[in-house]
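**Student:** Everything below, folded, please.
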Amino acid sequence: DLPFSDRFRELCAAIDRDPEALALGGGEDYVLLFTLPAGRRPPRPFHCTEIGTITSDRRLRQVGAGEVGRTEDLPILGWDHLTGK
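**Tutor:** Residues are numbered from 1 along each chain as shown. Here you go, the predicted structure:
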């Protein structure tokens, strides 16, 4: 449930790129990503969008990919600031 602006979608169409693929592995941060303790929500004035849940298995999965209840493993893309790769 990634939040894409209309302008981002227009850009992706102009350069013939998939918005989700570009957001997940394009190499540039496009929004601030942060975590909160379970059960906590940010205050409404911040207009945050919940996009996922942190788990202990270190896998990146997309839930509901195309159909309800379906889970799909996503490739590891982008830059890992901790390993430098």
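**Student:** Tell me how many other residues crowd the residue lying closest to Leu77 once chain neighbours are set aside.
**Tutor:** Once flanking residues are discounted, Leu77 sits nearest to Gly25: 2.8 Å by C-beta to C-beta, 6 or more residues apart in numbering. (Glycine included, C-beta is placed from N, CA and C.) Other residues lying near Gly25 total 13 when counted by other C-beta atoms under 10 Å.
**Student:** same check, this time on Gly52
**Tutor:** Quick note: Gly52 (other C-beta under 10 Å) scores 13 neighbours.
**Student:** same check, this time on Leu77
**Tutor:** With neighbours defined by other C-beta under 10 Å, the count for Leu77 comes to 11.
**Student:** hang on, isn't it packed against Leu24?
**Tutor:** Yes - between Leu77 and Leu24 there is a contact at 5.8 Å, judged by C-beta atoms under 8 Å.
**Student:** so how far is Thr35 from the nearest residue to Leu74 once chain neighbours are set aside?
**Tutor:** Leaving aside its chain neighbours, Leu74 sits nearest to Leu60 (4.5 Å; criterion: C-beta to C-beta, 6+ apart). Leu60 sits 14 Å away from Thr35, going by C-beta to C-beta, to the nearest Å.
**Student:** Brilliant, that's me finished.
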